[in-house]
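Colleague: predicted coordinates and the sequence they were generated for:
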Amino acid sequence: MQKKIITGAISVLASMAIIPSVSFGHHGVNGQFDLSKTLEKTGTVTRVRFVNPHSYVYFDVKDDAGKVANWRCELRSGSLLKRKGWKKELFSKGTEIKIAGSPARKEPTTCYTDTVTFSDGRMLSRYGSFDKSGKIVNPKLDAAALEAAAKKAGATLNVPDLSGNWGEPVADGPPVAYGVGRPPAYELTQAAKDVGNKWTSADNPRFNCKPTNIILDYRFDQMINKFEQSATEITLTYGFMDVVRKIHLDGKFPDKIEPTLAGYSVGTWKDGKLEVKTKGFAEGFIAVIGGRSKASIPHSDQMEVAETFYIDDKGELVREYTMTDPVYLAKPFSHLNKSVKTTDAFESFACDDLTVEEGFTEKS
């Protein structure tokens, strides 16, 4: 097992570190802001103004009581930011940001910006820039400042690296789920009970080289799953039936979703865990008769799935999930899977089902 954690800026501290507040000689900074104090605010961008001599980003911040206040935090001059490769699109309306900085002396909802952290884990310092490829380049700090930045970043941002091949250890005998108990029973609506005997094993997608659903197929036959991770999305390719999922890390669903077997997945990082929500499913099966399954349970196009992926203390990848379907599930169904990182190669499933060979029938 391997364990590889990227802790916000910690993994790239040399190029992506928090810059501690420093009393620079720019006019007005010392008078307007109390640089001896620090604060952090998280919210949603409402607008940005790249102007001279100071730029400002405006964002809505919700307090513990649920009350929303519109904050504004000061940046460098618009001309300087543009020369450094900053673009207004970084702060598009609705963008989730976390700002670390110092409070204003007189304005309760104004601050001086040290760093901006985006929902995908990128951290941009006040004096940072963008290279030709669009990568963030932050000034290097001395060792002491770097250590302080690491501790500060580690306390607030923790993005695990899920990339690589993950699978359950293959044991002798039937593929018993690794590291978890038996799943609970499904609690069905009357609608599900009424149609439960509608299908036969001939309707089983698996026997027709087709996937069943994103929950069942994730660990079916203990195949290896491949995770590919970037700042904007995670591509999850199942070893079973070659299901490919794109988890969009902007956390936003489009206005229209074309129904598919895998649905449309969005994710956000929170406290070191990837929280994923998926909807937009085509009608299909939760379970279907055939193999060990003795009955069929359909799902509607109203089904939604919530998943949480994280790496536990053993270095194992945990996926907790909950399925809801108001048509066929009387109660949400929740369980989990565990897998370990492996150096075994990922292989395409390339299904060629010989359950019923050409020229062979059940009567022959």
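Modeller: Arrived safely, thanks for sending.

Colleague: contact partners for the residue positioned nearest the centre of the chain?
Modeller: Using Cα atoms, centre = their mean, the residue of the chain that lies closest to the mean C-alpha position is Gly267, 3.4 Å off. For Gly267, the contact set (Cβ atoms under 8 Å, 6 or more residues apart in numbering) comprises Ile234, Ile247, His248, Leu249, Gly251, Leu274, Glu275, Val276, Lys277. In this view, the C-beta of every residue, glycine as well, is placed from N, C-alpha and C.

Colleague: neighbours of the third one, just the number please.
Modeller: His248 has 17 neighbours, counted by other Cβ atoms under 10 Å.

Colleague: across the sheet, point out what pairs with it.
Modeller: Glu233, Val266 (DSSP bridges).

Colleague: okay but it is in contact with Ser265, surely?
Modeller: Yes: contact criterion Cβ atoms under 8 Å: His248 and Ser265 qualify, at 6.7 Å.

Colleague: how far away is the residue nearest to the centre of the chain from Thr342?
Modeller: 23 Å (Cβ to Cβ, to the nearest Å).

Colleague: now swap in Gly85 and tell me
Modeller: Gly85 is 39 Å from Thr342, by Cβ to Cβ.

Colleague: what do you get for Lys82?
Modeller: Lys82 is 46 Å from Thr342, by Cβ to Cβ.

Colleague: between the two, which has more neighbouring residues?
Modeller: Neighbours were counted for Lys82 and for Thr342 using other Cβ under 10 Å; Thr342 has more, 16 against 13.

Colleague: what is the helix or strand encompassing Arg245 packed up against?
Modeller: Arg245 is part of strand 244-248 when elements are defined by DSSP states H and E. If contacts are counted by 3 or more Cβ pairs under 8 Å, 6 or more residues apart in numbering; DSSP states H and E, strand 244-248 sits against strand 233-237, strand 264-270.

Colleague: and the angle for it with strand 264-270?
Modeller: Going by axes from the mean of the first three to the mean of the last three Cα atoms, to 10 degrees, strand 244-248 is angled at 50 degrees with respect to strand 264-270.

Colleague: now strand 244-248 and strand 233-237, what's the angle there?
Modeller: Using the same axes, to 10 degrees: strand 244-248 against strand 233-237 is 160 degrees.

Colleague: just how off-centre is strand 244-248 within its chain?
Modeller: 10 Å (Cα atoms, centre = their mean, to the nearest Å).

Colleague: same question for stretch 55-70.
Modeller: Centre-to-centre, stretch 55-70 and its host chain are 24 Å apart (Cα atoms, centre = their mean).

Colleague: mind listing what's buried in that stretch?
Modeller: Ser55, Tyr56, Val57, Tyr58, Phe59 (16 or more other Cβ atoms under 10 Å).

Colleague: same deal with stretch 289-303?
Modeller: Buried, per 16+ other Cβ under 10 Å, within stretch 289-303: Ile289, Gly290, Ser293, Ser296, Ile297, Pro298, His299, Ser300, Met303.

Colleague: wait, Thr308 sits on Glu320?
Modeller: Yes: with contact defined as Cβ under 8 Å, Thr308 reaches Glu320; the gap is 4.6 Å.

Colleague: run a quick neighbour tally on the nearest residue to Lys88 once chain neighbours are set aside.
Modeller: By the measure of Cβ to Cβ, 6 or more residues apart in numbering, the closest residue to Lys88 outside its immediate chain neighbours is Val48, 5.6 Å from it. Val48 has 24 neighbouring residues, counting by other Cβ under 10 Å.

Colleague: give me the pLDDT for Val48.
Modeller: The model reports Val48 with a pLDDT of 96.

Colleague: give the bridge partners for it, please.
Modeller: Listed beta-bridge partners, Val48: Val57 (assigned using DSSP bridges).

Colleague: thought it was touching Tyr56?
Modeller: Yes: here Val48 lies in contact with Tyr56, judged by Cβ under 8 Å, at a distance of 7.2 Å.

Colleague: now the helices for this structure?
Modeller: Assigned by DSSP state H, the chain shows helices spanning 29-32, 78-83, 143-156, 190-195, 216-219.

Colleague: which of those helices comes out lowest on mean pLDDT?
Modeller: When I compare the helices of the chain, helix 143-156 is least confident, with a mean of 47.

Colleague: for this protein, give me the ranges with low pLDDT.
Modeller: 1-31, 140-158, 170-177, 179, 291-292, 353-364 (pLDDT under 70).

Colleague: hmm, 50 instead?
Modeller: For the chain, the stretches with pLDDT under 50 are 1-28, 141-144, 146-147, 149-151, 153-157, 172-173, 355-364.

Colleague: mind checking how far the residue nearest to Lys252 when sequence neighbours are not counted is from Glu233?
Modeller: Nearest residue to Lys252, sequence neighbours excluded (Cβ to Cβ, 6+ apart): Val266, at 6.1 Å. To Glu233, Val266 is 10 Å away according to Cβ to Cβ.

Colleague: next one: Glu283
Modeller: Taking Cβ to Cβ, one finds Glu283 at 26 Å from Glu233.

Colleague: ok, now Glu275?
Modeller: 15 Å.

Colleague: same thing with Pro211?
Modeller: For Pro211 relative to Glu233 (Cβ to Cβ), the value is 20 Å.

Colleague: Lys135 too?
Modeller: Counting by Cβ to Cβ - Lys135 and Glu233 are separated by 17 Å.
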